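Student: Build me a model from this:
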Amino acid sequence: MATEIEKAAERVAKLRAQADKLSGPLADAQAQLEAAQEVEAARRAEREAEYNRELSRAWRDRADEAAHSGDDAHTRFVEALSAEPWFAAYVEYRAARYRRMHVLTAAQRAQTALGEPVTVPEPRLYDAQILDEIRGAVEKQAAALGAQFAEELEKTREGRVSGKE
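Tutor: So this is what the prediction gives:
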């Protein structure tokens, strides 16, 4: 009669044989997976290279298109801004500064033409604080829209590179 040790050894031998039998297909499956991953990595690298070549060739056109994509919006912005009463008042205020500048420039030319010493001060324009605040708000929102565009651009790139597009 077999001892406990012999029974355990026999069971271990059977399980080892089963494990050896199953490890072959597992190794084959792992090799197939690795080969498929290598093929996909090569395809992805080629698609990325093609995308990069295409972008490298066409970047000027795409950058120009992106730069002019806001032209209509700018026109609408100026039209809407011009219709605002506060803006019209601000333009009138700033126009007074420009009129003063033109008077000073004309007076300097007149003194120079007469051979007189120029006593008229140099014209100066002063920026108003409100412009800095408006500019800051515009830049913050524009940067956010630019970042959103960058995300969309990266999604397009990733779609092309991954072959999903």
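Student: can you tell me which helix in the protein is longest?
Tutor: With secondary structure taken from DSSP state H, the chain has its longest helix at helix 4-68.
Student: Could you give the separation of that helix from the chain centroid?
Tutor: Centroid separation between helix 4-68 and its chain, computed with C-alpha atoms, centre = their mean, to the nearest Å, is 31 Å.
Student: could you check the angle helix 4-68 makes with the helix or strand following that helix?
Tutor: Reading on from helix 4-68 to the C-terminus, the next helix or strand found by DSSP states H and E is helix 71-82. Put simply, helix 71-82 runs at 60 degrees to helix 4-68, going by axes from the mean of the first three to the mean of the last three C-alpha atoms, to 10 degrees.
Student: and for helix 71-82, what are the contacting residues?
Tutor: 87-88 (C-beta atoms under 8 Å, 6 or more residues apart in numbering). Heads up, the C-betas are built off the backbone N, CA and C, glycines and all.
Student: Just the C-alphas of it, formatted as CSV.
Tutor: This file holds the C-alpha atoms of helix 71-82, laid out as CSV (Å, rounded to 0.1, in the frame of the first residue of the first chain):
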residue,chain,number,x,y,z
ASP,A,71,-11.6,87.1,-38.6
ASP,A,72,-15.4,87.0,-38.7
ALA,A,73,-15.6,86.9,-35.0
HIS,A,74,-13.4,90.0,-34.8
THR,A,75,-15.6,91.8,-37.2
ARG,A,76,-18.7,90.9,-35.1
PHE,A,77,-16.8,91.9,-32.0
VAL,A,78,-16.0,95.4,-33.3
GLU,A,79,-19.5,95.9,-34.6
ALA,A,80,-21.0,94.8,-31.2
LEU,A,81,-18.5,96.9,-29.3
SER,A,82,-19.2,100.0,-31.4
